[in-house]
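Colleague: Here's a sequence, model it:
(one chain, ligands or ions: 1)
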Amino acid sequence: MMDDATKPPLSTNLADQLIVLSQNLWWSWNPQAQSVFAELSPYVWESTCHNPVAVLRSLSRQELEARLRDRDLAERVRAVVSEFHQYEQETETWAATHPNRPLPSIAYFSAEFGLHESLRVYSGGLGVLAGDHAKSASDLGLSFVGVSLFYRDGYFEQRLTPEGWQYELYVPHKVDDLPLQPIVDANGNRIIESVEIGHSTVSFTAWKLDVGRIQIYLLDTNIPENDQHFQKLSANVYGGDMDTRIGQEIVLGIGGVRLLRSLGIHPDVFHMNEGHSAFLVLELLREQLSNGVGFDAALDSVRSKCVFTTHTPVPAGHDRFSSELLAHSLGRFWRATGLSHDTLMGIGRVRPEDESEAFTMTVLALKMSKASNAVSELHGRTSREMWRSLYPDREPKDVPIGFVTNGVHTPSWATARAHEFWNKRLGFDWTAKLLDRDFWRRIEEDGLASDEELWAFRYTLRRELVEFVRKQIRRRYPGGEEGGFASLERVLSPDALTICFARRFATYKRAPLLFRHLDRVLPLFADPERPIQIVFAGKAHPRDHEGKRFLQHIVELSRHPQLFGRVVFVEEHNIAIGRALVSGADVWLNNPRRPLEASGTSGMKAVIHGGLNLSILDGWWREGYDGSNGWAIGEDNHFENDLDAQDEHDFEKLISILTEKVIPEFYERDESGIPRAWIKRIRHAMRTLLPEYNTERMVAEYVERSYRR
Ligand SMILES: *Cc1c(COP(=O)(O)O)cnc(C)c1O
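Modeller: Numbers count the residues shown, from 1 in each chain. Model prediction:
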């Protein structure tokens, strides 16, 4: 036993524990932890996108210790730290109590991870899905590591010219302010690995990111061993030209496997989240061949370890590399296997002999995986059609691509307000009951929150969104005049039916659809008794001119005299802004051109906040919609080729459901001012959707259908 004199004083201890806590992204789904960090420095918390490491670095040790002598604060820190330790040491997890334990160990490769707004190594839905997957793998207690790149300059921050045209700002991360641990060997030296790209040897190091009980490794080429050109290779998310693209994918796939090996990690399963990381199968193949395994046996062995998720429902969206680029970039690597360039091209082609065909990452991944899946049932069908030529002897329905419908990590998406509300009504352990369908019945059947309480909750969240948006605008236009926002009180009303639309401005998502015939929608916004309002956010890809035109159109609408303050565009869509919008929305609008929304996930994030989905029957909503838990725009089918007719049809359906169903139900109030039918719909949505559209259900399905296969 330590005697008291050698024990560090309690507050010192607590300060250290708080520092440890800041280094594990577990805090990103624990609002009590966040509130402690926010309280230590509200200013730094706000100005660093809610970054606990930056907050703690901004306090002297002296201040931190002094502040922790406040009993109340110390008590809350102790409670959070103890909850964290319990989480870390939990022995009764889903995986630990699974009838088929031990479950396989998994390495999950993804070009992006969206874990928190302070770590800008994601561009959109694909990354957010990967981040939510990793968090649920931790919650379920799986043996799991993630692999990605460390994008030092991150994804861009969005700014608009006065004309509403998007331009991009690249703001480098402050590495010291991130919860990244350098990967070092037993002697404390940084581990450096390398890959061959063209004639060069490109070195990289890695950072470890702790996410609850799992780790994500981020590969980084920005080290002095490389020349300037290659130092920049991993700087930007999907940065640059085809050379950069293939270079990044070589580092991610081949380099990722090499890093795991150098750490002594030998996963049972390699999961490729989209094709960007598919070069990993080549490294696994090389390992087998260099051990003297024959080619066919090596292929079988690699295939028995790999799992693939495809996300892209259009042929043009898949990564393709020409034979010349591949010969140049991968030539030196591939020659070491002793196999011919034609053999390499063959693995990445639908018809191996067809010299006109490029090398497709998706083909490589499909051919080399024991289980492949799309991200919703309809996307599964689309994918089987799209890749049927890979399996010429089979009917489309027998093409071996299944589906695992996406989900979201509900505790991360629930705002602090939502946590507080449900903690009181459902008990603090509701986040551990995400898979329990009977538990969620209570929202509909037990009346554990009254209609009045639920309506007050909706009002609070709507008010918070209104104020959040006003604050964003004031931050962008501090003078008050530049954006024409002289009186911020005219921006949004806390009483109006609030529709939100936030996602990438890819044109297939059709952000401006509602405004297709302006004269038809103006009255809905101008109605003094039953007004609607809509908040938009989203980034266009830097090279997507059409997407930028859509965005500019929305900005112009927001300045239209009859729409001013009722149609608002919020700049710089990120995880924090997304969270504000999914929590404040009464209605989450999703009107993609079917079947291009492979799954979509943003609408799932609205549900825990009592938001209702109004969506095309595409992706997840085609499965989630049951007739009374939200609304469908249009039918369970789509036109094959006539895009304009489809847009016209969907516009008509959208307008009619808004005017005939959504608006009347929202404004139909009883004598105490409560929209009973609306609240009933919210209850039903929560009960039917929450236990299904979360990443615990999704990752558990991956375990059963793919990893254990
Ligand atoms: C959830 C999320 C998305 C996904 O949007 P969908 O249109 O539903 O696919 C994109 N970006 C961010 C920042 C998100 O949080």
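Colleague: What segments of the stretch 501-650 of the chain are helices?
Modeller: Taking DSSP state H, counting those that start in this stretch as the test, the helices found in the stretch 501-650 of the chain are 518-526, 545-559, 575-584, 602-607, 619-624, 643-657.
Colleague: Throw those into TSV and include distance to the ligand and mean pLDDT, thanks.
Modeller: Using the backbone N, CA and C atoms, a C-beta is placed for each residue, glycine as well. Output for the helices of the stretch 501-650 of the chain, formatted as TSV (distance: least, C-beta to the nearest ligand atom, whole Å; pLDDT from 0 to 100):
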stretch	distance to the ligand	mean pLDDT
helix 518-526	22	97
helix 545-559	13	97
helix 575-584	4	98
helix 602-607	3	98
helix 619-624	8	98
helix 643-657	16	96
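Colleague: Among those helices, which comes closest to Lys680?
Modeller: The closest of these to Lys680 is helix 602-607. By C-beta to C-beta, the value is 14.9 Å.
Colleague: picking up where we left off before, columns mean neighbour count on top of the helices of the stretch 501-650 of the chain, output as a markdown table?
Modeller: Conversion of the helices of the stretch 501-650 of the chain to a markdown table gives the following (neighbours: other C-beta atoms under 10 Å):
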| stretch | mean neighbour count |
| --- | --- |
| helix 518-526 | 14 |
| helix 545-559 | 18 |
| helix 575-584 | 24 |
| helix 602-607 | 27 |
| helix 619-624 | 24 |
| helix 643-657 | 16 |
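Colleague: which parts of the host helix or strand of Glu83 are buried?
Modeller: Using DSSP states H and E, Glu83 sits in helix 71-89. Residues of helix 71-89 classed as buried by neighbour count (16 or more other C-beta atoms under 10 Å): 76-78, 80-81, 83-84, 87.
Colleague: Mind listing what's buried along stretch 701-709?
Modeller: By neighbour count with 16+ other C-beta under 10 Å, stretch 701-709 contains the buried residues 701-703, 706-707.
Colleague: next one: stretch 391-401
Modeller: The neighbour-count check on stretch 391-401 (16+ other C-beta under 10 Å) flags 391, 399, 401 as buried.
Colleague: what's the neighbour count on Pro531?
Modeller: Pro531: 17 surrounding residues under other C-beta atoms under 10 Å.
Colleague: how close does the closest residue to it other than its chain neighbours sit to Tyr170?
Modeller: With C-beta to C-beta, 6 or more residues apart in numbering as the criterion, Pro531 has its nearest non-adjacent residue at 4.6 Å, and that residue is Ala496. According to C-beta to C-beta, to the nearest Å, Ala496 and Tyr170 sit 37 Å apart.
Colleague: So between the two, which is more surrounded?
Modeller: The residue with more neighbours, out of Ala496 and Tyr170, is Ala496; 20 against 16, by other C-beta under 10 Å.
Colleague: residues contacting that one?
Modeller: 531-533, 566 (C-beta atoms under 8 Å, 6 or more residues apart in numbering).
Colleague: Check it and give its pLDDT.
Modeller: Ala496 is assigned a pLDDT of 98 by the prediction.
Colleague: now do the one 3 residues further on
Modeller: What the model reports for Ile499 is a pLDDT of 98.
Colleague: Run a quick neighbour tally on it.
Modeller: 21.
Colleague: do Glu274 as well
Modeller: Using other C-beta under 10 Å, Glu274 has 25 neighbouring residues.
Colleague: Tell me the secondary structure at the nearest residue to it once chain neighbours are set aside.
Modeller: Leaving out its chain neighbours, the residue that sits closest to Glu274 by C-beta to C-beta, 6+ apart is His311, at 5.1 Å. Following DSSP: H, G, I helix; E, B strand; the rest coil, we place His311 in the coil state.
Colleague: tell me what the helix or strand of the chain with the lowest mean pLDDT is packed against?
Modeller: None of the helices or strands of the chain scores lower by mean pLDDT, DSSP states H and E than helix 10-22, at a mean of 84. If contacts are counted by 3 or more C-beta pairs under 8 Å, 6 or more residues apart in numbering; DSSP states H and E, helix 10-22 sits against helix 31-40, helix 52-57, helix 61-67, helix 71-89.
Colleague: how about the residue in the stretch 151-300 of the chain that the ligand sits nearest to, what does it touch?
Modeller: Nearest to the ligand, among the residues of the stretch 151-300 of the chain, is Tyr155, at 9.8 Å (C-beta to the nearest ligand atom). When contacts are counted by C-beta under 8 Å, 6+ apart, Tyr155 touches 120-123, 236-237.
Colleague: switch the cut-off to 10 Å
Modeller: The contact partners of Tyr155, by C-beta atoms under 10 Å, 6 or more residues apart in numbering, come to 112, 114, 120-124, 127, 168, 170-171, 236-239, 539, 542, 574.
Colleague: Would you list the buried entries among the residues you listed?
Modeller: Buried by 16+ other C-beta under 10 Å: 112, 114, 120-124, 127, 170, 236-237, 239, 539, 542, 574, out of the contacts of Tyr155.
Colleague: From those, pick out the ones that also neighbour the ligand.
Modeller: Contacts with the ligand within the buried ones among the contacts of Tyr155, as defined by C-beta under 6 Å from any ligand atom: 124, 574.
Colleague: Ile554 contacts Ile534, doesn't it?
Modeller: Yes: with contact defined as C-beta atoms under 10 Å, Ile554 counts as touching Ile534 (9.3 Å).
Colleague: Domain boundaries for the chain, per the record?
Modeller: Domains of the chain are assigned by automatic domain parsing as 13-89, 106-317+366-406, 410-635+643-693.
Colleague: of all the residues in the chain, which ones are close to the ligand?
Modeller: Within the chain, the positions lying close to the ligand (C-beta under 6 Å from any ligand atom) are 124-125, 128, 503, 573-575, 578, 600-602, 605.
Colleague: Quickly check those for the two that are furthest apart.
Modeller: Asn574 and Gly600, at 17.9 Å, using C-beta to C-beta across the residues of the chain next to the ligand.
Colleague: Just the buried residues of the lengthiest helix in the chain, please?
Modeller: Secondary structure of the chain per DSSP state H: the longest helix is helix 451-476. Within helix 451-476, the residues that count as buried by 16+ other C-beta under 10 Å are 451, 454-455, 457-458, 460-462, 464-470, 472-473.
Colleague: measure stretch 344-364 end to end?
Modeller: Length of stretch 344-364, first residue to last, C-alpha to C-alpha, to the nearest Å: 10 Å.
Colleague: dump the residue contacts of the spatially most central residue of the chain.
Modeller: Nearest to the mean C-alpha position of the chain, by C-alpha atoms, centre = their mean, lies Val128 at 0.9 Å. Neighbouring residues of Val128 by C-beta under 10 Å, 6+ apart: 112-115, 122, 406, 408-409, 412-413, 575, 578, 601-602, 605.
Colleague: for these, which one is nearest Ile616?
Modeller: Using C-beta to C-beta, the contacts of Val128 come closest to Ile616 at Ser602, 13.3 Å.
Colleague: isn't the closest one right next to Ser583, touching?
Modeller: No: contact status for Ser602 versus Ser583: not in contact, 11.8 Å apart, counting by C-beta under 10 Å.
Colleague: okay, and the common contacts of those two?
Modeller: Joint contacts of Ser602 and Ser583 (C-beta under 10 Å, 6+ apart) are 413, 500.
Colleague: Alpha carbons only: can I get stretch 169-179 in PDB?
Modeller: Listed next in PDB are the C-alpha coordinates belonging to stretch 169-179 (Å, rounded to 0.1, in the frame of the first residue of the first chain):
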ATOM      1  CA  LEU A 169     -10.300  27.600 -47.200                       C
ATOM      2  CA  TYR A 170      -7.800  25.000 -46.100                       C
ATOM      3  CA  VAL A 171      -6.900  25.500 -42.400                       C
ATOM      4  CA  PRO A 172      -4.200  23.200 -41.100                       C
ATOM      5  CA  HIS A 173      -4.900  21.300 -37.900                       C
ATOM      6  CA  LYS A 174      -2.900  22.200 -34.900                       C
ATOM      7  CA  VAL A 175      -1.500  18.800 -34.200                       C
ATOM      8  CA  ASP A 176      -0.700  19.500 -30.600                       C
ATOM      9  CA  ASP A 177      -4.300  20.300 -30.000                       C
ATOM     10  CA  LEU A 178      -5.600  16.900 -31.200                       C
ATOM     11  CA  PRO A 179      -6.000  13.700 -29.200                       C
END
